[in-house]
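> coords please:
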Amino acid sequence: MGAGGRMSVPSKIDDGGHKKGEPLRRVPHAKPPFTLGEIKKAIPPHCFKRSLPRSFSYVVSDLAVAFVLYRVATSYLHLLPSPLACVAWPVYWACQGCVLTGVWVIAHECGHHAFSDYQWVDDAVGLVLHSALLVPYFSWKYSHRRHHSNTGSLERDEVFVPKPKSRMPWFSKYLNNPPGRLLTLTVTLTLGWPLYLAFNVSGRPYDRFACHYDPNGPIYSDRERLQIYVSDAGILAATYGLYRVAAAKGLAWLACTYGVPLLVVNAFLVMITYLQHTHPALPHYDSSEWDWLRGALATVDRDYGVLNKVFHNITDTHVAHHLFSTMPHYHAMEATEAIKPILGEYYQFDGTPVHRAMWREARECLYVEPDEGSESKGIFWYKNKF
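Numbering: from 1, shown residues only. Predicted coordinates for the structure are as follows:
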């Protein structure tokens, strides 16, 4: 099967079941002994069927919960004594941020044409929902599609592309300590998403400036450029709406009811994506080794507890999602269970609590290099020694 060796992760014991000193099994990097067609045959056919009423039911339920949270916050929190209000507002921010992350995931599903059988419905719903969360829908849809087409490729993947040691910034070794990791994680979770959209930070290197708001940028083909203008118009319309709200209600009111929850959404988005594609057991490939199936399998499912359901299982069914991205989320759990016996060691799940996983990955996964002495020079693994 090509187990690909083992790597020690120096953590005492994590909820993924790894003890201190016990080697962590890497995902196999040899060509799989199964095909995509064989994986698909293992999944019940109904899992690939999209239901417009069912998909809309998740939109309605998420927006209803978000509205109830908003009404409670704006109607009652200002009546609380100051000490209680100082506790209640952060609770609102966290809860609303989680619910709106679910809304974000549904819009992401629209971008994959997994919402309904009608492309125009998917794009209309996705444009409205993503614009409301200040995401350029078509811009991200196309760059994200290229991520799915090139997952695990060091040259062509679009997001959280690791660097070889030789291309690491000079200051990286000074951040390889607890205070440096804390600073790096704080910046990543708070600014990572807008920096990626505006400046392609952590994205694929291009030969010129790349920006998700630029219709003429190198990310997009000629046939996609008109829709980038539509995305920009959606962002401008949402921004103007927020400006009018701030003018009527005040900037502080807007920040408390919308701004801080949006920061929570952005943080979760970055965390989820980072942990899906960053793990000591996952390989990356250069052009001499990469192929689509091995790249798609170089992902990991995580466990966010009750938030798995709030996030529509984008967290714990990501492997299946990369294999069949047009599958609706409400069938992804069944599909995941169906493909596990086929994938065997090629399926990766880590149940480490996400806060500990973030810290571990920030410590262990700094750059990628081939194993020293390995004949597979096109297969890269995360390392952390400067």
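> and the strand or helix carrying Leu24, average pLDDT?
Using DSSP states H and E, the element containing Leu24 is strand 23-25. Mean per-residue pLDDT for strand 23-25: 69.
> any idea which helix or strand comes after it?
Next helix or strand after strand 23-25 toward the C-terminus (DSSP H and E): helix 36-41.
> who are the contact partners of the spatially most central residue of the chain?
Most central in the chain under CA atoms, centre = their mean is Thr273, positioned 2.4 Å from the mean C-alpha point. Neighbouring residues of Thr273 by CB atoms under 8 Å, 6 or more residues apart in numbering: Val159, Phe160. Quick note: C-beta positions are derived from backbone N, CA and C, even for glycine.
> just the element for it, please.
With DSSP H and E as the criterion, Thr273 is inside helix 260-277.
> any idea how far that helix is from the chain center?
Helix 260-277 has its C-alpha centroid displaced from the chain centroid by 7 Å (CA atoms, centre = their mean, to the nearest Å).
> now the strands for the protein?
Secondary structure of the chain (DSSP state E): strands located at 6-8, 23-25, 283-285, 301-302, 349-350, 367-369, 379-383.
> redo the ones you listed as CSV? Include distance to Tyr229 and mean neighbour count.
Formatted as CSV, the entries for the strands of the chain read as follows, by distance: least, CB to CB, whole Å; neighbours: other CB atoms under 10 Å:
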stretch, distance to Tyr229, mean neighbour count
strand 6-8, 46, 14
strand 23-25, 47, 15
strand 283-285, 34, 24
strand 301-302, 36, 22
strand 349-350, 41, 18
strand 367-369, 36, 18
strand 379-383, 37, 21
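> would you tell me which of those gets closest to Asn150?
When these are compared by CB to CB, strand 283-285 sits nearest Asn150, at 10.1 Å.
> related to what we said a few turns ago, of all the strands of the chain, which one is nearest Ser82?
For Ser82, the closest of the strands of the chain is strand 301-302, at 37.8 Å, according to CB to CB.
> which elements pack onto the closest one?
Contact partners of strand 301-302 among helices and strands, from 3 or more CB pairs under 8 Å, 6 or more residues apart in numbering; DSSP states H and E: helix 260-277, helix 318-323, strand 349-350.
> list the buried residues of the longest one.
Going back to what we said before, that points to helix 260-277. By 16 or more other CB atoms under 10 Å, the buried positions in helix 260-277 come out as 260-277.
> ok, now how distant is Asp123 from Thr299?
From Asp123 over to Thr299 the distance is 26 Å, taken as CB to CB, to the nearest Å.
> higher neighbour count, these two?
Between Asp123 and Thr299, Thr299 has the larger neighbour count (other CB atoms under 10 Å), namely 23 against 19.
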